[in-house]
Every structure is written in structure tokens, then in C-alpha cells.
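1. Model the following, please.
(4 chains, ligands or ions: 2)
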Amino acid sequence: MKVKVEVRLKPGHFDPEGDITAKSLRDLGFRVKGVEVSKVYTLDLEARDAEDGVRLTKDMCRKLLANPTKDNFSVEVLPGEERTVEKGKR
Amino acid sequence: MKVKVEVRLKPGHFDPEGDITAKSLRDLGFRVKGVEVSKVYTLDLEARDAEDGVRLTKDMCRKLLANPTKDNFSVEVLPGEERTVEKGKR
Amino acid sequence: MRLEKARACVLRVGGTNCDLEVKVALEELGLQTEILHMNQLKKRRLSDYHMLVFPGGFSYGDYVRAGAIWGRQVITKFRRDLEAFVNEEKLVMGICNGFQVLVEAGLLPGNGVSGVPTATLANNSSAKYECRWIRLRVDGKRTPFTKIMKVGEVVRIPIGHGEGRFLLPSEGALKELIKEGQVVFRYALPDGKPAEGAYPHNPNGAVYDIAGICNKKGNVMGMMPHPERAFFGWQTPVWGAEPPEHGDGRKIFEGAVEYLKRY
Amino acid sequence: MRRASDKLSLFTVNLSATDDKDLVEISKSMGLSLSLDEMRYLKGYFKTPPTDVELQSLGQTWSEHCIHKTFKGDIRTENRVVRGLLKNYIARATRDLKKPWCISVFEDNAGIVDFDDGYVVAAKVETHNHPSAVEPFGGAATGVGGVIRDILGVWGEPVANTDVLCFGPLDIRHEELPLGVRHPKYIYKGVVAGVGAYGNNMGIPTVSGGILFDKGYTGNVIVYCGCIGVLPKDLYIKNTREGDYAVMAGGKTGRDGIHGVTFASADLPEGSEELRSAVQIPNPVVEERLKRAILRIRDGRLASGVTDLGGGGISCAAGEMAHRSGLGLDVNLDVVHLKEANLAPWEIWVSESQERMLVSVPEGNVEKVLEIFKEEDIEACVLGRFNRSGRIKVTLHGEVVCNLDLDFLYSPPKVTRKAAQVIIPSARYRLDEPRDLAEELLTLLADPNVRSREDVIRTYDHEVRGCTAIKPLQGEEGGPNDAAVIKPLKDSWMGLVISCGINPFYPDPYWMAAASIEEAVRNNASVGGRRVAILDNFVWGNPEREERMGSLLRAVEACYDLSTALDVPFISGKDSLYNESPLGPVRPTLLITGVGIIPDLRRAITLDLKREGNPIYLIGLTKDETGGSAYFRSKGIAGGACPKIDAKVSKRTIDTLINAMDGGMVMACHDLSEGGLGVAAAEMVIASDGLGLAIDLRRAPSAVGRSDIILFSESASRFLVEVERGHAKGFENLFKGLPHREVGEVEGGRGAGLRLHDLKGRELVLGSSEMRRAWRGY
Ligand SMILES: Nc1ncnc2c1ncn2[C@@H]1O[C@H](COP(=O)(O)OP(=O)(O)O)[C@@H](O)[C@H]1O
Ligand SMILES: [Mg+2]
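-> Ligands and ions are numbered 1, 2, ... in the order given. Below you'll find the model as predicted:
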């Protein structure tokens, strides 16, 4: 099953990368007010079902991929993939 | 208007970061077959409409955010935001 | 041209951090060298110089991609001047981050100043920053920078980068690069043979062990390793009873200076 | 709390009508971390209700982190009172040594010693433990950033970084970790990446350090970050005058890092996930530009003073700068560049946003200074102006939000701590001599605390600036050098020698501190460093507990004794107390950083073997001193005697070694530390290309009857030295009266490795590649 995790800075934290990116885009003439940069992990995961996949992925976020003191994360099971894998499993 | 750009490696390209992330997750006991890491830029942008926003953003990707030798990119206008901005503009 | 008349410009922007070492190396060889912030290039003219160096560092924090932001700025701010500079067959050198900049700005491996990157320096296949002394095999003599070296000669120079994996979009592009003699340095094994990708001899996984390339005319050269850190003998990691006289990196700058003397 | 302004979220706190319970509650709810005694003292002081900005100012300034309460306080033991650890031991050692080359000690942001050619060296080492426990990457990175600013804060140009890191065991099971304690592996990866990222980004080589693993660090990671800089002596300008302007420059001010210092001075609470505002996001690109600007201002002699913004933010930096010069300061917070709009006045005042510096500028130079900041893309603002008032007065939107007497602010009530007698565990042990010493040695080489740090060191750029002459890893094969040598000046061969000493495993805090000091000096001398200045960094648990205070006192006593006996003055230091977690206190740890010089760095000595047939000398006496040794720890044995130091012998040994080096006799040298003779000899072979060592344990200067103890004891003051054959006689003459003996020679030929003869005359042979595999892991 494929699961997509997006890890981004919690609001209120200053994001130097976003700041510099926005500035560079403005230098190029684009009218950009701000940029937030986040990281996406697309995981190829063994899980019983979507619910299990989400649970496991959240655990990964807490243990490795994100730091709850500064990051928010969101987890999404990629629909097409899920079916395929589940079919393969049964 | 908020536009989300995902820049990810072209298929077939080796992703060292994804590789090492997968390994670390497996070390923690997770059954992960593979991980792809990509970068997401959420842009706060001035644009006439969604179409214009997409066009501008693609231009930014070509000029800065992606390197055609290794990167693909996808652009998505965040729906809620677009409406708000358009209203404000008219 | 008499060497006293030649001038080198080491450019910097926020995050550049190897400008001073390069200046020291060039001045040691008698070349007058100035460090200029890009912001100062409006007041000074590029055409006053004969050699332009993009040194190492983390320009703009290496955000987006290493060298991408600076590379783009170079294009938007002084593409014309740079084009003229390159066409006059003056020397342009990119070291580490500077190499990344030249690639992102489309000066390498292309011909001219295209503004569109046709190669990339991707993150190291070890997924880590790598600081180590490696061996380079001189592969091409198309560029003045290897003027006083022999093909097949092996030199020791340190690298220090997280994004140095040189990649091209296709097999064809690689063949073309080799055919044109644009491959300048390749990572090598202790016996001098190409590393064939073997880690850590090839420290980043670069295709065809490419560590440095030049443009078709040879006057624009970029390399990941830092010759300015292997300039003096005392900078090298293997001493006998005393440090050796010189480091190998010196030869690369000497080649450039030789060229300028005849320019 | 009463709202004191219609426009601002400014409050006053009426202390007069409070009881003890209220006072404690106020301190807690406002996050002041002030004790009841201190709150009572404030209650007595304020005739009118103070504002929240004033109270926060006091909380910051009186924090353990900023004012070193414990080190300045009274320590009561069973039979005496020590009035100030810093004054009576550490600073006293320096005072008694009276070194004319110590230029500024314990005063400014960094210690300063003389160098060469009109230049001086500035050094500072800090800890950043609590932030690193919460957010390893950002915590460690901002630790590096902070100590770099300490060097900029004395007008120094940073030339090298150091990092010493202590983690819990990487293989600990997740189930053993209480809530809020992150897995050592996660912390390790983040911290290492953070240290590397900041130094690499700024282009400052990270050249020296260490990594330790122990259960005593599982709940309390230690991150020591050091920075060393150089500056022309005549540009060390600190004379802020009345009428000068205070200019702040650098990153924007936000909510990040609020209460960092009070947080650092308090026990790390369970579930520390909540302490989000203590997290700081590193931005090294800004600091790189800031560095350029500060150095340009220095070189143009445009400013009259400089200091960094660290703990306590503007409140501490501005207050200190004014107070130091006997002045007062009017501050206007309206001009501060903010990250977000709705910060409360006190938040602006104490925010610990990173990458900011403060300079004082004479009236005529303000324009020029602002212009330089602009050219380097650094935001700057004129924060205020110095005056003779002796007070710090802060306004925002025209309202006075803080008005404090600086003498009062900088004289907090003295604390008194109680110290209990330290109980030293018995030195008795039972261990049969193992049958296969080669196997034991290989095991030790692979021990997490002994093995190669190559996988970390190579992620740090230690070559940037092109000034690193002696690198952390030496030779073709990358053996571990004892100290790094930097060539900071273009036109001088004078080298800067940087070393560390840390021995937290020795069971007696006195001898553990002594050993750390001697090790730092020994390491420095191994490459030819002399005239060593040292820095202390204490990391301890809660000093309000008597037994923690007792061991701290004992360690500090050793600091005086060894510093004076070895002739190495302290020039700077820091303490980080309150390192407690649900798993208990941190293992008490003292890091000593050594900063020495070598007049001609081309004559620096490395550990790799140079020539076949040269004799190898073992200098120093080997005793049965295995308590806390790597050998005993790997076997899980608690007993064993602590290595003790005869400081007189140690000093003579080190001086003689330097003489031998200057006489051109020494070809290679390595000090004996963790893992003793066995590991030191193995490391020399590991570093060498095609050369090996033969060593006969029967010839070792020693009174010990067991081969394993001779091989692995960690007795102090010992070196292995390769001597040029023709100089052997002269070398022996020099060492007359000191324990030394030729114990073997350098061997060549294919497959040369380590050939040992034990006390029974049996031969053990270890191949170079086999030892490399064990030590490096490949
Ligand atoms: N435990 C200590 N041992 C030695 N010197 C210390 C110690 N604590 C503080 N100092 C010295 O006092 C001076 C001021 O320290 P500190 O307030 O911590 O500086 P900063 O706030 O710039 O980090 C520094 O020079 C430091 O070396
Ligand atoms: Mg300071």
C-alpha cells in the first residue's frame, strides 16, 4: 500500500528555506507573498488495511519522520494503490 | 491564491534520502518496502485566476524549483483559497 | 598579457564561504585577485577581469537545490556580461558550490550561457555530506586548468559536499561529453584507474566518476573537489617527517595562470 | 496581574499583598524559574508593582544559565563553607598562575589568550543539552550557532569548531524509554546532522571533538559546542561610552526560544513535547552574513563594543553591555524587526531568536555601520542609546514597559547549596585474566566508545577555510589524531592546537576531573602543543541535591589542583546544571578543552608510524588503574582503582616530550587513554600505511603482574613515541629520572601489524586490516 506523509513546520515557526525561496522567486519577478516548504514521504508499506496503514504511518512520524514539538504531519493513503495491494494480498 | 507544487525525482532516479529513510524505518521494525522523498512548496501567489496561477507556477518550476535532468513536478491550486482570493479581487 | 596586468575576481553572495582561500591561492601565484559581493558587481565591471571564480560554500543556504538560486541570479542579473566574458575566452572556474552554480546557470556542460540546466549535481548516493581526500585522474586536456598536467596523472584533493553526484539526462549526453573531451577530472582508485563508482573513491556516485568538466572551448571549468584546500603542502593529510612542499591542487591554478600569461 | 496599558498587552504584578504560596505560583505561572527566596527578595525590593517585562528580565538575568548562581553561591559542607566555586577554585587557579599571555579571562563572551604577530585567540565552549533533547537537529545546530556568536561577541573571526557529544546507548530498546525521552538513535542522528549542518553552512571547520555512549545519558543528552577564533589584538575594542547607540542586527525576533534559559536551568519535565517555544530553527545563512558584517565593522573600527544575543535575548545582551561599562541604556522596542505581529512586550524583550548581535556605535559611525549591514543583507535597527543613568529603560509605543536599576539587576541574592560527602565505590574487583588478549583487543577496538568516529567526522567539513594542517583523521588510512592543528594566519607558521579531555567514567569525581584536565593537555602535547589554556564545561544534575553538589565540589577542587600543578590556566568555561530526566540525573561530566600553540606547525607530530626500524618508547608508569576503564566497562565490572595523577611527574613528562619534539627526535606520538596501551598501539598501526609495531609488554615501565592489566589499564601521563633511531640515546638522556623504556620498534614488510609479547613471552599477532575492520567497521 502506498501512503503519503507530508511533514511541515507548525505555524509560528519561521521557515528559513521558505523565506529564501520566496525572496528568490520575487527576484525573478513573480508576485509571491510567501512560501512554505514541506517534505513528502511516499511510503511503500505492508499493512492489513487503510486504517492499519494510517496507524503505522502515524507511528513512524512520531518515531522518526516528524518532531511533534515543531512539525505537523498529515497522512493519506493513496487510493489506487491500496486496492491493488489488497487485491494482491487476498 | 495558494498553489501547491510537488517536486519529485523522475522515475528511475536513485533517491539516496528515500533509501536511507526506508532503512531507518525498517530498523525501527516497520515493514517498509521503499520510500520516495519529495519536496512540496506551498506558494501564496498573486494571480488572476487558477489558470494563470498554474501557468505562473509552472514557469517558476522551470526557472528555479525543478531541474529537468532529474525532477518532475506537479502543480495544484488549493481549492478553498482560490475562491477566497478571486472574490477579494473582483 | 603580462601577469601583473591580469585580474581575477572571486564572486560571493550570502552563504559563500570559500572565497578567501581561493584568493590566497591565486595571489600566491602572482595573480591580482579581488573578492566581490554580487551586489558590488553593479559598480565594478566584469569586463575588468580576466578570470572569474565561483567559489564553494552554501549560497543562499543551498535551499531549493545546491547552487540553484545563485545560478538563476547570475542569469537574471548579468547574463550579457557573462556571455561576453566567456566568448572572449577568459577563464571561468566553479569550485564545489561554484560548479553547481555553473551547471544550474547552464554554463556547463553547455556551450555559451544557456540559462537552462542540462545536467545536475544530485545529492550524494551516501545521502551524507562527505569530507574526504580523494584521488582525481586527469582525463582531459581541453581546458587550460589541466594545461600543466598529464592525461592519466593522479592528484589528491579533498572534497566537501552533500550534493556532488553529477548526472546527465541521457546516455547520449554522456557520450557527447566524453567525445568532446569535456570530462576534465574523474574520481580514481589508488592505482589510478577510474573508480567505476566504487565508494568512497567515487564519493558521491557521479556518473562515469565525473568530478569536473569544462565547456567545449575549455575556458569554463567546474569541479566538485577543492584545489584551494590542497594548494600548500601543509594542507595535505599524509606527511613524512615534514609536510611536502606543495599540494596537488596548486597545478590547477598554475594552469590557469599560465593561460592568462599568454592571453 | 493587572493590565497596565490600553494599547499593549502589558501587565503589572502586585507583589506586596502576596504570601509565599502566591510568590511561588507567580514564579511558576510566569515561567520565571525564580526560587521562593528570590521572589521574597523582589517583594521586598519593589515599592510599586513591577511590570511583567521587569519580572521576566529578572527571571532571565537571575537564571542559573546567565548568572551561574551555583558557581557563585555559598557551598556548605559538613565542616566548612566555600564562598564561590568559580572564585575560589577555577578563577583562582588562573589568578595564581599569573600568565601574562592571558588577555581576558572569565569576563567576556570568550576567553582570550595571546597568539602571534599581534593576533590573539578567543575560545569558548557551550552546552546545548535541553534544546537538543527536545529537537536534536535544531538544538545542536543552534548550539553551534550560539557559540560562534560568542566568538563574534569578542570581535573574533571563527576559525574552528569543536563538538563533544554524549548519548544513551544506541541499541537501547524503545520500551525502556519513559514518555518524553526520545530514542538515543534519533537524538544521535539529529544532533550529528545539526552540528554538521551549521558548521558546514557557515564555512567553519569542525576539527575536534568526541562521542560517548552511556546509559547515564539516555535521558540527558549532552551537546558541547566549542568555537575558536582569532583577532588582531588592537581590534579587541570594548569601550562603550555615553552617547553611543545600541544597534541590533541579524535575524528577526519571534516567539522561538522564549524562556530558553530558564528552561535550561530547570529539570526537563516529563512530556517535554509541550515546550514548543523552546525549539529554535537554525538559520546559518543569516549568521554567515552577520559574521561578514561584524568583521567588517571590526576592521573599520566603527563600533565601541559588541556582544551576542544568547540566553535571555535582548534583555541580557543590552543590560550586560550597559552594566559592563557602568552606563545605562534607553531602549525603544518599536524598531525591532518581528517575525509575527502580536508579540507581547516581554516576549520581544526576552525572545531568544537566533542569529542576532548587538553593537555599540559612536554617533558619527551609525550610518556607516547600518550601510555595512545593508550590503551584507542583514536587517539592523538602532535599538537605543547609552547614558549615565545606570538604569535600563525600555519603551514600546511610547509607554515605559521596564525601568530597572542595573546594579540591582546584576546583584541577585546569593544562593546557598549543601554538599554531601562523596562516597567512592570500592576498588576491589575480580576478573580472571582472559586467555586470548588479541580477541580482547579487537573487542575493545570495536567498543562503541572506542571505535572510529569516521562516519561522523566525514560529515563535518574539517577542511573548509583551507587552514586545517593536522586533521582529525591522519594519513592514508585515517587514524585518530590526538589534537587538531590550525594555521590561522597567512604569514605565520604559528599553529593553533585544539584538544579535548573527558573521562566521566572514572568513579571518583576528583580523579575524573583531574584525568580530564591531564588528558586535554596530554592530547595537546602529543602533536607538539604547548602553553595550553583550558576551558571547563560542567554538566551535572540538580545542584540542590546534596550528593550532586558534593561530587561537583570535588571535581572543582581537582580543577584548581591540576590547573596550577600542570601550569595550564582556565580562561573560560560554563556550567550546565539541572540535567535531570525521568531516568534520573545525567552522568556527571566535565569536558576540558585545551587550546595550545606550536611555533612552527610544520613540525607538528602525528600518530602514524614513519620508518621501519625506529624504536618505540613507552613513556610513563603503568599501574593497576582499571576503574571505569573501557576494558572493565566492556566486561561489566564495577570495581577497579581510578587512574591517579602525580601532577609533578606529569608536568615534567609533558615538558620533556615537547623538548624531545623540538629537538627533532620524535617521529610519531600518541597518548594513552581509553583502552590503554593496547588501543593506542593498535591505533598507531591502523593509521600507518604498510608499517606495523612490535611491542614487548615485559619491557613496559610497570609494577603490574598481569598482561591484560598492562595492556588495558588507563594510568595517566603515558605516551607511545616513535623516536628517530639516531636520536635514541639523546631521547633517553632527556627522559632520565622519568619512567620510560624502549618497548619495541616499527616493523615493515608485507602484512605488518601489531606484534605483542605478553608477560609470559607468548606472541600475539594482529593484522592491520583485521584491526581496521574492528575499529572502523569496514
Ligand atoms: N564554570 C565556569 N568556569 C569557568 N568560567 C566560567 C564558568 N562559567 C562562566 N564562566 C566565564 O564567565 C564568562 C561569562 O560567562 P557567560 O555568562 O556564560 O557568557 P555567555 O553568556 O556569553 O555565554 C565567560 O567568559 C565564561 O568563560
Ligand atoms: Mg555570550
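
2. any idea of the mean pLDDT for stretch D:6-14?
-> What stretch D:6-14 shows for mean pLDDT is 89.

3. for stretch D:96-110, same thing?
-> So the average pLDDT for stretch D:96-110 ends up being 96.

4. Stretch C:187-200 now?
-> Averaging pLDDT along stretch C:187-200 yields 96.

5. what's the answer for stretch D:743-758, then?
-> The pLDDT scores in stretch D:743-758 average 93.

6. same question, stretch D:44-57
-> Average pLDDT, stretch D:44-57: 95.

7. Show me what counts as buried in it.
-> By neighbour count on 16 or more other CB atoms under 10 Å in any protein chain shown, the buried set for stretch D:44-57 is D:46, D:49-57. (Glycine included, C-beta is placed from N, CA and C.)

8. show me where chain C has helices.
-> Ranges of helices within chain C are C:19-28, C:68-87, C:97-104, C:171-179, C:250-262, based on DSSP state H.

9. How about the stretch 651-778 of chain D?
-> Assigned by DSSP state H, counting those that start in this stretch, the stretch 651-778 of chain D shows helices spanning D:676-687, D:707-712, D:728-734, D:768-776.

10. May I see those organised as a markdown table, with distance to chain A and mean pLDDT added?
-> Shown next, in a markdown table, are the helices of the stretch 651-778 of chain D (distance: least, CB to the nearest CB, whole Å; pLDDT from 0 to 100):
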| stretch | distance to chain A | mean pLDDT |
| --- | --- | --- |
| helix D:676-687 | 33 | 97 |
| helix D:707-712 | 37 | 98 |
| helix D:728-734 | 54 | 98 |
| helix D:768-776 | 26 | 96 |
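
11. which one of the ones you listed has the most crowded surroundings?
-> For those, the largest average neighbour count (mean count of other CB atoms under 10 Å in any protein chain shown) is found in helix D:676-687, namely a mean of 27.

12. ok, the closest residue to ligand 1 within chain D to residue D:157 distance?
-> In chain D, no residue comes nearer to ligand 1 than residue D:573, which is 2.6 Å away by CB to the nearest ligand atom. Note on residue D:573: its distance to residue D:157, by CB to CB, to the nearest Å, is 22 Å.

13. who's more crowded, the two?
-> residue D:573 (26 against 21; other CB atoms under 10 Å in any protein chain shown).

14. What are the phi and psi values at that one?
-> phi 170, psi -170 (degrees, to the nearest 10).

15. Mind putting the buried residues of stretch D:44-57 into JSON lines with secondary structure?
-> Compiled in JSON lines, the buried residues of stretch D:44-57 are given as follows (DSSP: H, G, I helix; E, B strand; the rest coil):
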{"residue": "D:46", "secondary structure": "coil"}
{"residue": "D:49", "secondary structure": "coil"}
{"residue": "D:50", "secondary structure": "coil"}
{"residue": "D:51", "secondary structure": "strand"}
{"residue": "D:52", "secondary structure": "helix"}
{"residue": "D:53", "secondary structure": "helix"}
{"residue": "D:54", "secondary structure": "helix"}
{"residue": "D:55", "secondary structure": "helix"}
{"residue": "D:56", "secondary structure": "helix"}
{"residue": "D:57", "secondary structure": "helix"}
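
16. Tell me the one among these nearest to residue C:187.
-> Using CB to CB, residue D:56 is the member of those that sits closest to residue C:187, with 55.9 Å.

17. quick one: contacts for the closest one?
-> D:30, D:32, D:315, D:346, D:349-350 (CB atoms under 8 Å, 6 or more residues apart in numbering or on different chains).

18. In the residues you listed, which residue is surrounded by the most others?
-> The most crowded member of the contacts of residue D:56, judged by other CB under 10 Å, is residue D:315 (32 neighbours).

19. Would you confirm that it belongs to a helix?
-> Yes - counting by three-state DSSP, residue D:315 falls inside a helix.

20. What pairs with the longest strand along chain A, parallel or antiparallel?
-> Assignment by DSSP state E gives strand A:32-45 as the longest strand of chain A. Partner strands and pairing direction for strand A:32-45 (DSSP bridges) are strand A:2-9 (antiparallel), strand B:32-45 (antiparallel).

21. ok, and what's touching the shortest one?
-> Here strand A:2-9 makes contact (CB under 8 Å, 6+ apart) with A:15, A:36-45, A:47, A:53-54, A:57, A:60-61, A:65-66, A:70-78, A:81-82, A:85, B:40, B:42, D:281.

22. rerun at 6 Å
-> In this structure, residues lying in contact with strand A:2-9 by CB atoms under 6 Å, 6 or more residues apart in numbering or on different chains are A:15, A:38-45, A:53, A:57, A:65-66, A:71-78, A:81.

23. for the stretch 251-400 of chain D, what spans make up the helices?
-> Counting by DSSP H, counting those that start in this stretch, the stretch 251-400 of chain D has helices at residues D:260-264, D:284-299, D:313-324, D:345-350, D:366-375.

24. Please tabulate those in TSV, including the columns mean pLDDT.
-> Shown next, in TSV, are the helices of the stretch 251-400 of chain D (pLDDT from 0 to 100):
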stretch	mean pLDDT
helix D:260-264	56
helix D:284-299	97
helix D:313-324	95
helix D:345-350	94
helix D:366-375	97
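
25. wait, which of those is closest to residue C:138?
-> The closest of those to residue C:138 is helix D:284-299. By CB to CB, the value is 33.4 Å.

26. and the closest one with chain A, contact?
-> No - applying CB under 6 Å from any CB of the partner chain, one finds helix D:284-299 separated from chain A by no less than 6.9 Å.

27. Please point out which parts of that helix sit buried.
-> Buried, per 16+ other CB under 10 Å, within helix D:284-299: D:284-298.

28. Over to stretch D:379-397?
-> D:379-381, D:383-387, D:389, D:391-396.

29. Could you let me know which of those ends up closest to chain A?
-> Distance to chain A, by CB to the nearest CB, is smallest for residue D:379 among the buried residues of stretch D:379-397, at 12.0 Å.

30. ok so, going back, tell me which of the helices of the stretch 651-778 of chain D sits nearest to ligand 2.
-> Ligand 2 lies closest to helix D:676-687 among those, at 36.7 Å (CB to the ion).

31. Skip the chain neighbours and tell me the closest residue to residue C:27.
-> residue C:33 (5.3 Å; CB to CB, 6 or more residues apart in numbering or on different chains).

32. Just the local confidence number for the one you found, please.
-> The model reports residue C:33 with a pLDDT of 98.

33. Now do it: how many residues are near it, please.
-> When neighbours are defined as other CB under 10 Å, residue C:33 has 21 of them.

34. That one is in contact with residue C:22, isn't it?
-> No - assessed by CB atoms under 6 Å, residue C:33 is found out of contact with residue C:22, at 7.6 Å.
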